[in-house]
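S.K.: here is a sequence together with a model predicted from it:
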Amino acid sequence: MKMNFLEKIKNRYTVKRYDKNGRIGKDTLEQLKEILHLSPSSNNSQPWRFVFVTDNAAKEKFAKASHPGNEQRIVDCSCLIIFQRIDNLELYEKRIAEQLQEHFVNDFRNHIKPQGEDYIKAWFSNQVYIALGILLSACADMEIGSAPMEGIDVEKYDKILDNPDFKTLFAVAIGIADKKDKYRPSVRLKARLGSAYTTMEV
């Protein structure tokens, strides 16, 4: 019987060990790229850049620029996806003026821009985290192992990527989970706090 989305979310977990011989196909990676491209964002801002890294030598570089606990899974994963936010505000305004509808551009100029640079960049970062949620959900639905990681040296990542218009926020390793991964939900039950929701009746 085909699992529904809730069942797939119950089975998703942050993969600790990847099968280094397992690989995600090109067609699947193309689907994930399109899914990220279609991610929602406030004011349709889309202030992001997603870097897909499949080359083994490149993954080694990023692994060395990460927390020791993340090194091996970056090396073994099928693909490392690096999430960045735009840092060049002039470039951002130029891009939206050329590509977005006028009301989105005016909303940014009249309501977001007056808040100042720090506010704008924090707002940009929030949109990138929305895209992270979309990716993790897509991976769960497609039964792809995923591991979101903030344990990386973002300055070293930026140096490797060499694009000053963008700043790295975090990365996600995706691939085929090792069957011996002891953190699989079938082996180790998920730990969750009590109910995080309530119902309001008027």
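M.R.: Sure thing, it's come through.
S.K.: mind listing what's buried in stretch 157-166?
M.R.: By neighbour count on 16 or more other CB atoms under 10 Å, the buried set for stretch 157-166 is 157-158, 160-161, 166. Just so you know, the C-beta spots here come from the backbone N, C-alpha and C atoms, and that holds for glycine as well.
S.K.: got those as TSV, with distance to residue 192 and pLDDT columns?
M.R.: Converted to TSV, the buried residues of stretch 157-166 look like this (distance: CB to CB, whole Å; pLDDT from 0 to 100):
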residue	distance to residue 192	pLDDT
157	31	98
158	34	98
160	36	98
161	35	98
166	34	98
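S.K.: just the ones of those in helices?
M.R.: Those of the buried residues of stretch 157-166 mapping onto helices are 157-158, 160-161, per DSSP state H.
S.K.: what does stretch 172-182 contact?
M.R.: 15-19, 22-24, 32, 70, 73-74, 76-81, 83, 132, 135-136, 139, 144-149, 184, 187-188 (CB atoms under 8 Å, 6 or more residues apart in numbering).
S.K.: okay, how far is it across that stretch, tip to tip?
M.R.: Stretch 172-182 has an end-to-end distance of 20 Å (CA to CA, to the nearest Å).
S.K.: what's the average pLDDT for that stretch?
M.R.: Mean pLDDT, stretch 172-182: 94.
S.K.: then stretch 79-96?
M.R.: For stretch 79-96, mean pLDDT rounds to 98.
S.K.: in the chain, mark out all the strands, start to finish.
M.R.: 48-53, 79-86, 145-149, 166-175 (DSSP state E).
S.K.: looking at those strands, which is closest to residue 95?
M.R.: For the strands of the chain, proximity to residue 95 was assessed by CB to CB; strand 79-86 is nearest, at 8.0 Å.
S.K.: by how many degrees do the closest one and strand 166-175 diverge?
M.R.: Orientation note: strand 79-86 sits at an angle of 160 degrees relative to strand 166-175 (axes from the mean of the first three to the mean of the last three CA atoms, to 10 degrees).
S.K.: work out which residue lies at the spatial centre of the chain.
M.R.: The chain has residue 132 as the residue nearest its centroid, 3.6 Å off, counting by CA atoms, centre = their mean.
S.K.: could I get the strands of the chain as TSV with distance to residue 36?
M.R.: Converted to TSV, the strands of the chain look like this (distance: least, CB to CB, whole Å):
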stretch	distance to residue 36
strand 48-53	5
strand 79-86	8
strand 145-149	13
strand 166-175	10
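S.K.: tell me which of the ones you listed sits nearest to residue 3.
M.R.: Closest approach to residue 3 among those is made by strand 145-149 (15.7 Å; CB to CB).
S.K.: so which other helices or strands are in contact with that closest one?
M.R.: Secondary-structure packing of strand 145-149 (3 or more CB pairs under 8 Å, 6 or more residues apart in numbering; DSSP states H and E): helix 68-76, helix 117-141, strand 166-175.
S.K.: return the most buried member of the ones you listed.
M.R.: Greatest average neighbour count among those goes to strand 166-175 (a mean of 23), per mean count of other CB atoms under 10 Å.
S.K.: adjacent strands (with direction) for that one?
M.R.: In the sheet, strand 166-175 lines up against strand 79-86 (antiparallel), strand 145-149 (antiparallel) (DSSP bridges).
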